[in-house]
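Novice: predicted coordinates and the sequence they were generated for:
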Amino acid sequence: MPKERGLRTRSHCIAVILIVSIILAYTAGTTGQVPPTDYYVGYELSFSRTIANKGPVTIDLTLNELTTPTTSLFMNDSSQVVKLISSSHKVTTSADPDGNLVGILQVERMLKPGQSVTIETSFKAFPRMTQKRRFEWNPELEYSRSGLKQDIPKELTEKYCSSSGPWRINDADQSWLSVRRLAFKLAGNETNVLKAVMRLVEWTGQNVKYPSVKGDRILLPNETLTVLEGDCDEQANLIISFCRTLGIPAYLQYGCMYLPSKVEKVSKFDGRLSFHFDRIGWHAWAMIYVPPWEWLPVDMTIGYSKEDAFLAIQAAAPQTLSTIISGNYFMADYVTEANYFGEQLKRTEVRIEQKETMKPIAISPEYQATAAVLATTITLVGFGVSIVATYVILRRRSKNRLG
């Protein structure tokens with residue numbers, strides 16, 4: 001996940017770069033084939049993973065998720081269209097336990113000593129300006145409009161409030177008991193769903209910090225509460241645990257973001273896994289069911305502001321045209337699995353090099369029709385990485401809305 005803390009301090013610069021790069025890409029004629037929709041931005045995403053066996057024994061690539069030759073196939077719905085345009089090997093489609101589409105690249109599963117294999121995929125993605133993505137420009141979040149807990153459909157509560165995945169809300173351990181107790185303490189007797197959710201958001205934003213040093217291991221929600229530190233998905237998972245405890249449906253959603261100033265190399269698991277990020281960052285946020293708006297994103301590391309906690313929703317990453325949604329976690333314990341496979345990788349002589357690139361390639365012609373529309377383009381696209389202007393507007397409104 002990207003280090004979101006630094007985004008706000010560089011927001012003006014990033015916004016300008018984002019706008020210029022997208023407009024230049026468009027005017028250069030690199031639009032490619034785009035779906036018929038009114039407002040969109042297009043990106044090309046390229047992924048390359050080289051797996052090398054530096055040890056003396058043959059390894060089975062499918063025994064570790066980090067070496068299994070797969071790729072996310074992203075989501076396709078009314079808010080985005082994502083197409084696989086090329087791959088180094090034949091791809092067959094499968095789905096994980098949570099229903100996310102996965103592409104399996106057909107490579108030889110056994111990698112002999114001294115051998116390496118490189119798998120490559122590229123996509124074209126077109127996030128669209130739907131009514132849901134417009135939500136931050138048409139603020140409607142008011143406590144007086146929120147539904148009550150009794151308005152939440154029973155079938156959603158049964159599915160999205162279970163003690164499953166990394167959200168072990170019924171675990172007997174004392175640390176999980178602390179999670180449950182805090183959730184009830186924060187919500188009190190509040191039945192207004194939006195009010196209850198915002199109490200959780202405000203407490204988390206004021207008490208849980210983004211870690212100054214990010215380790216290899218992903219924290220479970222009870223651990224995040226213990227140390228009061230967590231990155232994007234760790235903070236999201238804590239809020240999801242709070243919500244599920246209270247009977248408010250919630251799950252985790254994740255995706256990649258266009259970050260025009262991000263060029264970064266990082267490594268994990270004693271150097272066995274290295275990443276080269278070129279204008280791309282991975283991010284996660286909570287999805288919470290709040291009637292009558294239904295599913296709303298809650299983003300504690302890019303969206304949230306202490307001055308206006310509602311920005312956790314209105315400035316959440318998936319509200320923007322710079323985010324491509326990849327998938328959801330409803331039930332799977334991806335945290336425990338990721339930690340396990342990372343530790344397993346450290347016991348091998350495998351080296352993995354991952355290169356990821358995201359670049360703008362298109363912008364809808366409707367945005368370019370007039371100078372006035374172009375100004376709108378700058379506002380909308382710039383919002384994807386700069387929430388400054390919206391933050392100022394919403395902060396002024398928040399006094400009345402929070403009262």
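Specialist: Thanks, I have it. Numbers count the residues shown, from 1 in each chain.
Novice: and the helices in this protein?
Specialist: 5-9, 11-27, 154-160, 174-187, 193-207, 221-227, 232-246, 311-314, 334-346, 365-368, 371-382, 388-402 (DSSP state H).
Novice: quick one: mean pLDDT over the longest one.
Specialist: Looking back up the chat, that one is helix 11-27. In this model, helix 11-27 has an average pLDDT of 43.
Novice: one step back: among the helices of the chain, show the one with the smallest mean pLDDT.
Specialist: helix 388-402 (a mean of 38).
Novice: what's the separation between the closest residue to Thr226 other than its chain neighbours and Val41?
Specialist: Closest residue to Thr226 apart from its sequence neighbours, by C-beta to C-beta, 6 or more residues apart in numbering: Ser175 at 5.9 Å. Where you see a C-beta, it was placed from the backbone N, CA and C, and this is true even at glycine. Noted for Ser175: a distance of 43 Å to Val41, by C-beta to C-beta, to the nearest Å.
Novice: and the nearest residue to Leu148 once chain neighbours are set aside, how far is that from Lys154?
Specialist: Taking C-beta to C-beta, 6+ apart, and ignoring the residues beside it in sequence, Leu148 has Thr191 as its nearest neighbour in space, at 4.7 Å. Applying C-beta to C-beta, the value for Thr191 to Lys154 is 16 Å.
Novice: which one's more surrounded, those two?
Specialist: Thr191 (14 against 7; other C-beta atoms under 10 Å).
Novice: hang on, that one packs against Ile152?
Specialist: No: contact criterion C-beta atoms under 8 Å: Thr191 and Ile152 do not qualify, at 10.5 Å.
Novice: just to revisit the earlier point, next, count neighbours for the residue nearest to Thr226.
Specialist: The burial count for Ser175: 14, using other C-beta under 10 Å.
Novice: circling back: so for the residue nearest to Leu148, what's the pLDDT?
Specialist: The predicted local confidence for Thr191 is 96.
Novice: list the contacts of the residue lying farthest from the centre of the chain.
Specialist: Distance from the C-alpha centroid of the chain peaks at Pro56, with 38.2 Å (C-alpha atoms, centre = their mean). Residues in contact with Pro56 (C-beta atoms under 8 Å, 6 or more residues apart in numbering) are 113, 349.
Novice: measure it to Lys112 for me?
Specialist: Pro56 sits 10 Å away from Lys112, going by C-beta to C-beta.
Novice: what pLDDT is listed against Leu321?
Specialist: We have a pLDDT of 89 for Leu321.
Novice: quick one, phi/psi of it?
Specialist: Here the main-chain torsion angles of Leu321 (degrees, to the nearest 10) amount to phi -90, psi 10.
Novice: wait, isn't it in contact with Arg133?
Specialist: Yes: look at Leu321 against Arg133 with C-beta under 8 Å: they come within range, at 6.9 Å.
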